[in-house]
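**Student:** Next one to model:
(2 chains)
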Protein chains: 2
Amino acid sequence: MDIKELMLDKAKKARKAARELAVISTEIKNRALLAMADALEKRRELILSENVRDLEEGRQKGLKRSYLDRLMLDENRIGQMAEGLRQTAGLPDPVGEGTYSTIRPNGLEIRRVKVPLGVIGIIYEARPNVTSDAVGLCLKSGNAVILRGGSEAIHSNQAIVSLLTKAAYDEGIPEGALQFVEVTEREAVNVMLRLNGYLDVVIPRGGPGLIKMVVENSSVPVIETGTGICHTFVDASADFDMALRIAVNAKTSRPAVCNAMETLLVHEDIAGAFLPRLEAAMREKKVEFRGCDKARAICPGMNEATEEDWSTEYGDLILSVKVVKNIDEAIEHINQYNTGHSETIVTDSFQNAHRFQWAVDAAAVYVNASTRFTDGFEFGFGAEIGISTQKLHARGPMGLDALTSMKYLICGNGQIR
Amino acid sequence: MDIKELMLDKAKKARKAARELAVISTEIKNRALLAMADALEKRRELILSENVRDLEEGRQKGLKRSYLDRLMLDENRIGQMAEGLRQTAGLPDPVGEGTYSTIRPNGLEIRRVKVPLGVIGIIYEARPNVTSDAVGLCLKSGNAVILRGGSEAIHSNQAIVSLLTKAAYDEGIPEGALQFVEVTEREAVNVMLRLNGYLDVVIPRGGPGLIKMVVENSSVPVIETGTGICHTFVDASADFDMALRIAVNAKTSRPAVCNAMETLLVHEDIAGAFLPRLEAAMREKKVEFRGCDKARAICPGMNEATEEDWSTEYGDLILSVKVVKNIDEAIEHINQYNTGHSETIVTDSFQNAHRFQWAVDAAAVYVNASTRFTDGFEFGFGAEIGISTQKLHARGPMGLDALTSMKYLICGNGQIR
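**Tutor:** Alright, predicted model coming up:
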């Protein structure tokens, strides 16, 4: 079978299973998730030995240490995967939830309910835990799923999928609902992105390169996730201690994640007093600086920021710093350079807080808190399939709701128009 | 300026205006809509004379009569355009409406509100009334809009846009919020579909060719609209009079629209009694038939249906008819051939009604009513920008809500993670 036929075959099976999955009970879905969790723990040796194969091949290929670290599984990580599935089993099932209901003057009863999207394609990179997280969330929301993981994790992913699939089908999940793309050729992705009519949505999870490739080449609807150039604006009325605490947390608590801060903006009236304290606190955490001219006039130890810095997601212990004249300049800078992810203002001005929240164009806009809170668990969704940085369908952290569509059910007694 | 620069210039202006539009008051938006309605009526002579130019050029080009009919404007149609704008002014403003609100254990206050999408691209064909409808709905929901109409309506559209733009800007709508693509080269559409970062969504309105082209070539998110292969399933327990009334209405009241029926399915137990009555009623309305073998055994006057008929949107007084063994075969046929638009069952079986509504995969699934009701006004939305046949973001009739995204506003008092 060539790759195109292979992918089409998987898509058809997933489509067929999706029809059945859309109407099965929450009980069956939950039982399957719990069985999947048990299977991962019981057969952890299999997963670990396959993971060792991936790691060895990765070392031979000369993969970076940080990449190998993301690829690596141990007992603890497998336990987290199982725990994630159990938590998802405990969440309310969104399918069938009513979101609109009316009786029209002609007597037609119209209600809108949440239904599964159908077939979801997930294209992801190194982390094998995405495999079980994505399968759990897709199944719980009644969707079939086609998984395309990175070639570097192929053995780990195959082991995980084989365990999940058996456990799920044994508990009554329709056969075909889980499809794993075992061919590692890039061609498989190209075919996947053109499966309109079979695939309802594609969600890419990974670095900017992967996401850009999917957005530019997919005719299937895409939910864009993840890139985050997040800002902290320290306003003139900010409490300095609070601003320092928030800035240090946003930059250093986990610099590689998408809700970490990349640029700090500071009001010129307080820059002279605030920046030296910021510099000292950040240097303790080994943060490097890229400052604008005004910032460097205050803190000469900062390196010079170039235009490129304002649009760079460092994902590392590097911070760009810009002194701004006022909140207008701060908002303008953010709306020009941000990626629509998370932004925060530290201020004691009610008016500026309000203005900032409404005028800044991003999924999550904070007042007096760290941008690091943008994630599905912190927002109370109980789970997360990714963070949408586009405006269509879902924006910000996506829980189970984001994996549903809607459907109108209309009942009449013979109405015609 | 070449076409690429021209489009980029329009997009930048729209993007800038969208930032301001997102935070202006409902009052200003409503005043602008009312002023736009007045302008269309006061300057109707200008619109009519430009429309005559389009019609003359269309006749010279040999456009079909039905096409010229859609292109044609008269006092009545201009009055309807103005009335549409006034009705939109009267609808509630969706912007700012809260859809989720919580206080987290750490004291963070999180609420989710509706915000404009930003910049919406509309690509459409003959009907010049789409110009004012789309502008009204986009502005009311706080969005800037880039309009690309058909070249055949260029003079009419330019006249309408010039009137709308002046009236809107005079009332305080930010300059740049309305962009009209005056170049008729196809290249302009190609550029538009790649304006990621400037354009938040593209909505194509028109025939299947236009929609397919947009879906396949756009890297900007698309809301797919409009194609409808709608079915009526007459179950064994159907009230014959009701079934006839619904079928005749669904097929003949406006055969060219997307919510009209294309295929009738009938349970084999009643086909012998029902089909002759259906044939007689439909023949009175000059409907032609394409029947399956079983249907033709009952009504020999029907033409033969080919495989192609099941996936054809006739948009005309033609009906394909298929006899099915049971509701399972009906559901299977529909899920194979429908376009996810509107489907109806006529039945007196509660169980079959329930099963049909949940198992059929479509935006609107009816029991005992005509599919013709699928539209924004009939559903109580007060307006409609199109009918989505995809599952992402919006499904079924799209009112003002469908033109919004969401945003999380989070307030804290120094929380870090």
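
**Student:** Output the set of residues of the stretch 201-350 of chain A in proximity to chain B.
**Tutor:** When proximity is defined by C-beta under 8 Å from any C-beta of the partner chain, the stretch 201-350 of chain A lies next to chain B at A:201, A:215-217, A:219, A:221-223, A:239, A:242, A:245-246, A:249-250, A:253, A:335. C-beta here means a position set from N, CA and C on the backbone, and glycine is covered the same way.

**Student:** Can you select the buried ones from these in ChimeraX?
**Tutor:** To isolate the buried members of those in ChimeraX, using 16 or more other C-beta atoms under 10 Å in any protein chain shown:
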select /A:201,215,217,219,221,222,223,239,242,245,246,249,250,253,335
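
**Student:** Spell out which parts of the stretch 1-150 of chain A neighbour chain B.
**Tutor:** By C-beta under 8 Å from any C-beta, the part of the stretch 1-150 of chain A that sits against chain B consists of A:19, A:22-23, A:102, A:104, A:108, A:110, A:112, A:117-118.

**Student:** picking up where we left off before, now for the residues of the stretch 201-350 of chain A next to chain B, which pair is the farthest apart?
**Tutor:** Pairwise distances across those (C-beta to C-beta) peak at 50.2 Å, for the pair A:Ser219 and A:Asp239.

**Student:** Which residue is the nearest non-sequential neighbour of the closest residue to chain B within the stretch 201-350 of chain A?
**Tutor:** Closest contact between the stretch 201-350 of chain A and chain B, by C-beta to the nearest C-beta, is at A:Asn249 (3.6 Å). Leaving aside its sequence neighbours, A:Asn249 sits nearest to B:Ile416 (C-beta to C-beta, 6 or more residues apart in numbering or on different chains; 3.6 Å).

**Student:** Check A:Leu193 too.
**Tutor:** A:Ser218 is the one closest to A:Leu193 (C-beta to C-beta, 6+ apart), at 3.9 Å.

**Student:** Around that neighbour, count how many other residues there are.
**Tutor:** Counted with other C-beta atoms under 10 Å in any protein chain shown, residues neighbouring A:Ser218 total 24.

**Student:** A:Val181 reaches A:Val145, doesn't it?
**Tutor:** No - if you go by C-beta atoms under 8 Å, A:Val181 and A:Val145 don't touch, sitting 11.0 Å apart.

**Student:** Tabulate the CA atom coordinates of the host helix or strand of A:Lys294 in PDB.
**Tutor:** Per DSSP states H and E, A:Lys294 falls inside helix A:293-298. What follows is helix A:293-298, C-alpha atoms only, in PDB (Å, rounded to 0.1, in the frame of the first residue of the first chain):
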ATOM      1  CA  ASP A 293      18.800  52.400  24.700                       C
ATOM      2  CA  LYS A 294      17.000  54.000  27.600                       C
ATOM      3  CA  ALA A 295      17.200  50.800  29.600                       C
ATOM      4  CA  ARG A 296      20.900  50.500  28.900                       C
ATOM      5  CA  ALA A 297      21.400  54.100  30.000                       C
ATOM      6  CA  ILE A 298      20.100  53.000  33.400                       C
END
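
**Student:** Check the offset of that helix from the chain's centre.
**Tutor:** 36 Å (C-alpha atoms, centre = their mean, to the nearest Å).

**Student:** Quick check: A:Ala134 vs chain B, distance?
**Tutor:** Distance, A:Ala134 to chain B, by C-beta to the nearest C-beta, to the nearest Å: 17 Å.

**Student:** is it true that that residue lies in a helix?
**Tutor:** Yes - with DSSP: H, G, I helix; E, B strand; the rest coil as the criterion, A:Ala134 is located in a helix.

**Student:** Would you check how far apart it and B:Ile327 are?
**Tutor:** 34 Å (C-beta to C-beta, to the nearest Å).
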